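> sequence first, then the predicted structure, then my questions.
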Amino acid sequence: MMKTIASMVIASLVAAGCGLVNSKTGGNGNVTASFSLTDTTGQIDTTFAPGQNFYMTFLLINTSGKTVTYASANFPLINFEVLQGDSIIGVTLYAISNIVPIPVKLPPSDTLRGECEAPIDLTTISPQHTLVHITLAPGQYFAKAIYPGISGANVSGASGAGFTVHQ
């Protein structure tokens, strides 16, 4: 019995650490997450060619009847990662140090939106101060959104999606 409980606790911690659990905080309000990958014409797609650009879009929609709050020291508020297995291939995460997060209110029916053209690595800036484009080799990848914790709400829905780069 104790072994089963310990196994369940470990599995829960692994799921939360791997981003498999979408709920950021507990509460009785509902916020719906939506993640999509589209080609450059706006068509939803999960299969791309090497060197082909695509867009990642993430929405947090306050579907509750009350105002919820979020806070983040990152700008932009929604960042993106492209992973292959456990390796981060590209990321848009900006860390602003020594900034105290300020709570921001998200009224009912409002949406917090983030978009990013991929595959671009925004952590690397070229000597000419331009963005660095990445050519993804054929393989399986996972794109995900990193978003601020929502106070007093349960977040449900998708915060990432798998995709394929084919030859």
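Yep, that arrived.

> next secondary structure after the host helix or strand of V31?
In the assignment (DSSP states H and E), V31 maps to strand 29-38. Downstream of strand 29-38, the first helix or strand assigned by DSSP H and E is strand 47-48.

> which element follows that following strand toward the C-terminus?
strand 54-62.

> pairing partners for that following strand, with directions?
Looking at strand 54-62 with DSSP bridges, its partner strands are strand 29-38 (antiparallel), strand 111-118 (antiparallel).

> just to revisit the earlier point, render the CA-only coordinates of the strand holding V31 in CSV, please.
Written as CSV, here are the backbone C-alpha positions of strand 29-38 (Å, rounded to 0.1, in the frame of the first residue of the first chain):
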residue,chain,number,x,y,z
GLY,A,29,-12.6,30.2,-11.6
ASN,A,30,-12.0,28.7,-15.0
VAL,A,31,-9.4,29.8,-17.6
THR,A,32,-9.2,27.9,-20.9
ALA,A,33,-5.9,27.5,-22.6
SER,A,34,-5.6,27.0,-26.4
PHE,A,35,-2.5,26.3,-28.3
SER,A,36,-2.2,26.0,-32.1
LEU,A,37,0.4,25.6,-34.8
THR,A,38,-0.3,27.1,-38.2
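
> which stretches of this protein have low pLDDT?
1-29, 72-75, 93-102, 120-132 (pLDDT under 70).

> ranges for the strands of it?
29-38, 47-48, 54-62, 68-70, 79-84, 87-91, 104-106, 111-118, 120-125, 131-133, 139-146, 150-151, 153-157, 160-165 (DSSP state E).

> what residues does the fifth one touch?
So the one you mean is strand 79-84. Strand 79-84 is contacted from outside by 56, 58, 88-94, 114, 116, 118-119, 136, 139-147, using C-beta atoms under 8 Å, 6 or more residues apart in numbering. Backbone N, C-alpha and C define where each C-beta goes, glycine included.

> one more pass at 7 Å, please.
56, 88-93, 116, 118-119, 139, 141-146 (C-beta atoms under 7 Å, 6 or more residues apart in numbering).

> alpha carbons only: can I get that strand in PDB?
Backbone C-alpha positions of strand 79-84 (Å, rounded to 0.1, in the frame of the first residue of the first chain) are rendered in PDB as follows:
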ATOM      1  CA  ASN A  79       6.800  32.700 -24.000                       C
ATOM      2  CA  PHE A  80       7.400  29.700 -26.200                       C
ATOM      3  CA  GLU A  81       9.700  26.700 -26.400                       C
ATOM      4  CA  VAL A  82      10.500  24.200 -29.100                       C
ATOM      5  CA  LEU A  83      11.800  20.900 -27.800                       C
ATOM      6  CA  GLN A  84      13.100  17.700 -29.300                       C
END
